[in-house]
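Undergrad: Got a predicted structure here, sequence first:
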Amino acid sequence: MAAGQGAPEHLHPCPVLGIINSGEAVFQIEGQQKVILHEGDAFYEPKNVKILHFDNASAEKPLVFTAIYLKEGSEENIKLIK
């Protein structure tokens with residue numbers, strides 16, 4: 001993600017596992033506190049739960065992460081909420 005870029009509120013029709021390769025992310029799942037993920041941190045996004053924040057925490061550096069979508073059949077990767 002580019003410096004300062006944020007993702008809109010969304011959910012995943014399948015569980016998602018991921019790791020921060022470089023940079024830092026602001027991460028918040030609905031009903032949980034906002035956290036900062038650092039390089040090497042893993043994250044989990046449950047199936048069909050709103051992700052309120054997955055944003056690049058830096059206004060100067062890119063955020064690089066790997067996401068693994070645990071799909072069954074033809075499930076979509078993402079559904080944007082707004």
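TA: Looks like it arrived, so ask away. Numbering: from 1, shown residues only.
Undergrad: Look up which residues are beta-bridged to the residue most central in space within the chain.
TA: Central residue of the chain (CA atoms, centre = their mean): residue 54, 4.3 Å from the mean position. With DSSP bridges as the criterion, residue 54 is bridged to residue 27.
Undergrad: OK, contacts around it?
TA: Contacts for residue 54 (CB atoms under 8 Å, 6 or more residues apart in numbering) come out as 6-7, 10, 25-27, 45. From N, CA and C alone the C-beta is placed, and that goes for glycine too.
Undergrad: Do you know the pLDDT at it?
TA: With respect to pLDDT, residue 54 scores 97.
Undergrad: Count the neighbours of residue 1 for me.
TA: By other CB atoms under 10 Å, 16 other residues sit near residue 1.
Undergrad: Looking at it now. What's its pLDDT?
TA: In the predicted model, residue 1 carries a pLDDT score of 96.
Undergrad: Surely residue 58 and residue 3 touch.
TA: Yes - using CB atoms under 8 Å, residue 58 is in contact with residue 3, at 5.8 Å.
Undergrad: mind checking the end-to-end distance for stretch 13-26?
TA: Chord length of stretch 13-26, first to last residue, is 21 Å (CA to CA, to the nearest Å).
Undergrad: actually stretch 15-28, not the one I typed
TA: Start to finish, the residues bounding stretch 15-28 are 15 Å apart (CA to CA).
Undergrad: ok, residues contacting that stretch?
TA: 1, 6, 34-47, 51-58, 61-70.
Undergrad: buried residues in that stretch?
TA: With burial defined by 16 or more other CB atoms under 10 Å, the residues of stretch 15-28 counted as buried are 15-16, 18, 20, 23-28.
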